[in-house]
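Trainee: what follows is a predicted protein model with its sequence.
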Amino acid sequence: MNSLLLLPLLLAAMPQAEAPIDARHPEAIQLYHCDFSQNFDLNYDEWPDQWTRRGGVGFPRYLDIKVTEEDSAVGDRSLKMSLDGGSAAIYSPPIEAREIFSYVLEARMRTEGLKYDKAFLSITFFDAKEQPIETFYSERFRETGGWIKLRVGPVAPVSTDVAMAVIGLHIEPAGKIDEDLTGAVFFDDIWFARLPKMTLATPDGTHVFSDPSNIDIICEVSGIVERDPRIVFELVDVGRQSLAKMESRLNGKVVARKSNLASELFGKQAQATVNWDIGYAGKMDWKPPITQYGFYEIHATMIGSTGLMHRRVISVAVVPDELPPSTGEFGWSLRDGEAPLDMTNMGNLLTKVGVNWVKFPVWYGENQKERANEVARFAERLKKNHIEMIALVDKPPEDIRYLFGENDNLLVASIFAEPILWRPYLEPVMTRLSLKVRYWQLGSDEDVSFVGYRNLLEKLEQIHAELRKSGQDIRLGVPWRWMAETPSARKLPWEFLAYSIIPQNGDVNDVIPLTKDELGSYLDSSKGPTQRFVTIYPLARSKYTTNERARDLLEKMLSAKIHHAEAVFIPRPFDHEYGVMNEDGSPSELLLPWRTTAQMISGATYLGQLQLPNDSNNHVFTRDGSTTMVIWNDRPVTETIYLGDDVEVVDLWGRRVKPTQDEHRQVIEVGPIPMFIVGMNESVAKMRMSCQFDPAVLSSNFGIPQRLKLSTKNEFPQSLSGVVRIVGPDVWEITPDVTPFKLSLGGEYANMLSILLRNDASSGYQRVRLDFEIEADKTYKFSVYRRILIGSGMLNVESSCHLDEATGDLVIEAELLKQDDDFSTFDCMLFAPGRKRMQTRVTNMSRGRKTVTYRIPNGADLLGTNLLLQIREIGGVRIFNHRVVAAP
């Protein structure tokens, strides 16, 4: 049995449990229960009867595994696994199972002193010929802090050949380097039960659609004890808003009894229950009324006479029918090949989700002729759809693995140590793909075994030379760790490095995703002759909201693009925690934010940022004559500005709307969730960015004229004429404030301005608006916003104001922020209309913050007025004016 358990054909992650973890599943019928009491050790050998231990490489027999009375969660005994290096696993006797049911496994577990290893549960389903079909795993734990309950499921085997299930209790190192030499794990209260089986699917397994009218959801139910329960379908959008419902009764049919063809498995009598195969089954379908692009969930709830029986959810995405840009930076790393889809559906999916790059394992065996044809056809199809394949040369085929040692965790640096071993088997693969694939990566993104390799440059030069014998245009790359020093040489033996943040222990579960700023910093510091292919991990699904994860993913994609990464990959796209898809091949909430961003900015040129009226964050890109801006703000604001004549707003989930208009300007509601503005006028955007003040600073010498130069450039594809009006604060005198101009194609405009600041002008950054009206191919009216710093910027003031209801005093608090190290003394004077000047002194202030407070008696009549706080440096020349609005 042990060898069979190592060969699960499908790995599936734990679905969301439908019942609280601290209680048994309410609809379950128990099939097996083991509390390691004396009833499970009838021969008193401290080993649970009928259970089997895994042996072989990496699973040493000397590890102590036994039933013990040291501790327990229920009863007085439990199973203890003591560590001394290596891994351990034991398996239950086989338990009869059938495809018409779903199953749930629960157990209690406690860890003790683990540093590197993690413990978990598994269920493996077998057919009657003792072949494993599907394996499902629980969450993995290193530290439990006492007894906890683990659950796997409910899970529903897909295959109709299911005959038996086997429970596994596991502990193994989480990474590829370190393992625990001490510590222990206790297991207790193993409970396995069956439930009615309820599945949701589409007819062909497709989950990403271009035509919403083609979406058909099929609900299949089996193993129920009621013939006609109610089935309620509900359509839900990404914001958890219910869009539609449909309810009907299932017309169930009796499931015929199935003869027991596998009463014994692995030489052991199977655990069985009476009448285990009796029940009803039925099928229903629903076409959800989806009308626009976006991410959706379809919920199906089965309700019987006793209440809720089962609930299932399937997700779908509806996207425009468009290919990815002809060139781009964004891609997926498919380290497990086409799983969980087949090759056809994977190809269909990749052409719809905005990827221009795909990493794919290509090393197949000599006897795998059909696999060779599939990979070649797959590469050709990707190429026709503007998707570049990077061939992953990772694990050698099963039939030659023995040549490279018996270790389960083969590292690529050891695989490629001797060309005489690998070249004869890899050469046919490279010859077959040489005209279709240019990029070849040695090892998956998580295998950084070349980092720290002795004689690295010489070894990779040797490998590169051997690979070139099979194809001339070989672009070689190896995985690399950001924190590792990058080797330098006059001529490097690789064309790209695949940078990742895999920790030293190699455990992906310990990954701490880079922030956008960290990613940008790493990219800036790694510029050189080598292309940088980077991986970005979304935030963990279990720790952050959908909106937080979507914005973070977009910001990382923007950072990688702006800082010139040549390619950007999601390393685990089909991953519940860090992916953009679910393990069953359906989209998660992040697929459309990924796709929308990739479609908008792939292959585009970054133009820069615009200063907007309400200071929203933004980045502007252009590609093939189409200009796009991504925009967001930490607080809800309204940006009213002219951006073009045919502007649309596209949210991260692909939904499009036309913004409302205020004369010629667009009115755009902006908030924390980024969105895209498409259809912008590129010439207007570029001309806005070209407008500059030189210098963009005025001294705080009030009452004295100062000079600034205003310049701009004609970014239109023809000559133009126009006028610009300069609008500053009311207490500024700008000369001239209106200037006509004419510019030839590519011509530049410059004009000197005289600016006089009145004595009550505010210091700090002040907004100036430039209103342009120009004649080019048509008349354009647009405004440009700039900030000019008044003063040195070494002193800033933040203020607040409120009315003290108890005393009637108007209370003004002003916080001074000084940003230089010199000691200064300031007189702080507050001027309020109709009141005496109030003054306080701040002495010997250096870098830091200082709060001054004023109380104006009977201050209610000042609400709604402007107050002036003037700060004068004693013995210096600096004057800082700050206006305080006494808001009612």
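Mentor: Nice, thanks for sending it over.
Trainee: excluding sequence neighbours, find me the nearest residue to residue 229.
Mentor: In space, and not counting its chain neighbours, residue 229 is closest to residue 304: 4.3 Å by CB to CB, 6 or more residues apart in numbering. C-betas here are computed from N, CA, C, even on glycine.
Trainee: show me where the chain dips below the pLDDT cut-off.
Mentor: When residues are selected by pLDDT under 70, those of the chain lie in 1-23, 25-27, 175-177, 254-278, 406-408, 471-472, 503-510, 877.
Trainee: picking that back up, list the contacts for the residue nearest to residue 229?
Mentor: By CB atoms under 8 Å, 6 or more residues apart in numbering, the contact list for residue 304 reads 224, 226, 229, 230.
Trainee: from those residues, which would you call buried?
Mentor: Buried positions within the contacts of residue 304, assessed by neighbour count (16 or more other CB atoms under 10 Å), are 224, 226, 229.
Trainee: which stretches of the stretch 401-550 of the chain form helices?
Mentor: 412-415, 419-433, 456-468, 516-525, 546-562 (DSSP state H, counting those that start in this stretch).
Trainee: on that earlier part again, let me know the closest of the buried ones among the contacts of residue 304 to residue 331.
Mentor: Proximity to residue 331 was ranked across these by CB to CB; first place goes to residue 224, at 43.8 Å.
Trainee: got the domain ranges for the protein?
Mentor: Split into domains by automatic domain parsing, the chain comes to 2-197, 198-318, 330-589, 606-680, 686-790, 795-885.
Trainee: out of the ones you listed, nearest to residue 324?
Mentor: The stretch from the domains of the chain with the least distance to residue 324 (CB to CB) is domain 330-589; that distance is 5.3 Å.
Trainee: now do the end-to-end distance for that closest one.
Mentor: According to CA to CA, to the nearest Å, domain 330-589 extends 18 Å from its N-terminal end residue to its C-terminal end residue.
Trainee: equivalent analysis for stretch 850-870, please.
Mentor: Distance across stretch 850-870, first residue to last, is 15 Å (CA to CA).
Trainee: now stretch 77-86
Mentor: Start to finish, the residues bounding stretch 77-86 are 25 Å apart (CA to CA).
Trainee: likewise stretch 389-401?
Mentor: Its start and end residues considered, stretch 389-401 measures 25 Å (CA to CA).
Trainee: off-centre distance for that stretch?
Mentor: 27 Å (CA atoms, centre = their mean, to the nearest Å).
Trainee: isn't residue 169 right up against residue 90?
Mentor: Yes - the pair residue 169 and residue 90 passes the contact test of CB atoms under 8 Å, sitting 5.4 Å apart.
Trainee: now for the two: what residues contact both?
Mentor: Shared contacts of residue 169 and residue 90, defined by CB under 8 Å, 6+ apart, are found at 79, 81.
Trainee: looking at the domains of the chain, which is nearest to residue 600?
Mentor: When those are compared for distance to residue 600 using CB to CB, the nearest one is domain 606-680, at 5.2 Å.
Trainee: where's the closest residue to residue 144 other than its chain neighbours, which helix or strand?
Mentor: Excluding its sequence neighbours, the residue lying closest to residue 144 (CB to CB, 6+ apart) is residue 111, at 4.8 Å. Secondary structure here is read from DSSP states H and E; on that basis residue 111 sits in strand 101-112.
Trainee: ok, that strand: who's next to it in the sheet?
Mentor: Paired strands of strand 101-112, with direction, are strand 148-155 (antiparallel), strand 184-201 (antiparallel) (DSSP bridges).
Trainee: just checking the distance from that strand to the centre of its chain.
Mentor: Taking the mean of its C-alpha atoms, strand 101-112 sits 29 Å from the chain's own mean (CA atoms, centre = their mean).
Trainee: now the following helix or strand past that strand and strand 148-155, what's the angle there?
Mentor: Per DSSP H and E, the first helix or strand lying C-terminal to strand 101-112 is strand 117-126. Taking axes from the mean of the first three to the mean of the last three CA atoms, to 10 degrees, one finds strand 117-126 and strand 148-155 inclined to each other by 30 degrees.
Trainee: and the very next helix or strand once past strand 117-126, what does it pack onto?
Mentor: Moving toward the C-terminus from strand 117-126, the first helix or strand encountered (DSSP H and E) is strand 132-137. Strand 132-137 makes packing contacts with strand 11-12, strand 117-126, strand 148-155 when contacts are defined by 3 or more CB pairs under 8 Å, 6 or more residues apart in numbering; DSSP states H and E.
Trainee: again, 10 Å this time
Mentor: helix 2-5, strand 11-12, strand 117-126, strand 148-155, strand 164-173 (3 or more CB pairs under 10 Å, 6 or more residues apart in numbering; DSSP states H and E).
Trainee: export those to a markdown table and tack on distance to residue 754?
Mentor: As requested, the helices and strands packed on strand 132-137 are exported to a markdown table (distance: least, CB to CB, whole Å):
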| stretch | distance to residue 754 |
| --- | --- |
| helix 2-5 | 85 |
| strand 11-12 | 73 |
| strand 117-126 | 71 |
| strand 148-155 | 74 |
| strand 164-173 | 73 |
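Trainee: need these in TSV (columns: distance to residue 53 and mean neighbour count).
Mentor: Compiled in TSV, the helices and strands packed on strand 132-137 are given as follows (distance: least, CB to CB, whole Å; neighbours: other CB atoms under 10 Å):
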stretch	distance to residue 53	mean neighbour count
helix 2-5	8	15
strand 11-12	22	16
strand 117-126	15	24
strand 148-155	20	22
strand 164-173	10	24
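Trainee: go through these and name the closest to residue 584.
Mentor: Between residue 584 and those, the shortest separation by CB to CB is 7.3 Å, and it involves strand 11-12.
Trainee: returning to what we had before: reformat the strands paired with strand 101-112 as a markdown table; add distance to residue 526.
Mentor: Compiled in a markdown table, these are given as follows (distance: least, CB to CB, whole Å):
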| stretch | distance to residue 526 |
| --- | --- |
| strand 148-155 | 41 |
| strand 184-201 | 41 |
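Trainee: before we move on, the earlier item: so for residue 355, which of the helices and strands packed on strand 132-137 sits nearest?
Mentor: strand 11-12 (22.8 Å).
Trainee: just list the residues touching the residue positioned nearest the centre of the chain, thanks.
Mentor: For the chain, residue 538 is the residue whose C-alpha lies nearest the centre (CA atoms, centre = their mean; 2.2 Å). By CB atoms under 10 Å, 6 or more residues apart in numbering, the contact list for residue 538 reads 513, 544, 549-550, 552-553, 556, 570, 572, 575, 577-580, 588, 590, 593-594.
Trainee: so residue 701 sits right up against residue 755, yeah?
Mentor: No - look at residue 701 against residue 755 with CB atoms under 10 Å: they stay out of range, at 11.2 Å.
Trainee: between the two, which one's more packed in?
Mentor: With neighbours defined as other CB atoms under 10 Å, residue 701 and residue 755 compare such that residue 755 has more, 22 against 15.
Trainee: is the more buried one in a bridge, and if so with what?
Mentor: Residues in beta-bridge contact with residue 755 (DSSP bridges): residue 706, residue 734.
Trainee: touching, it and residue 705? I think so.
Mentor: Yes - Residue 755 sits in contact with residue 705 when judged by CB under 10 Å, with a separation of 7.0 Å.
Trainee: between these two, what contacts are shared?
Mentor: Looking at what touches both residue 755 and residue 705 (by CB under 10 Å, 6+ apart), the common residues are 733, 735.
Trainee: can you pull the contacts of the closest residue to residue 468 other than its chain neighbours?
Mentor: Closest residue in space to residue 468, ignoring its immediate chain neighbours: residue 474 at 5.4 Å, by CB to CB, 6+ apart. Residues in contact with residue 474 (CB under 10 Å, 6+ apart) are 391, 430, 434, 437-440, 464-468, 495.
Trainee: which SSE is residue 629 in?
Mentor: Assigned by DSSP H and E, residue 629 belongs to strand 626-632.
Trainee: pairing partners for that strand, with directions?
Mentor: Taking DSSP bridges as the criterion, strand 626-632 forms sheet pairs with strand 617-623 (antiparallel), strand 675-680 (antiparallel).
Trainee: any idea which of these is most buried?
Mentor: Counting by mean count of other CB atoms under 10 Å, strand 675-680 has the highest mean neighbour count of those, with a mean of 21.
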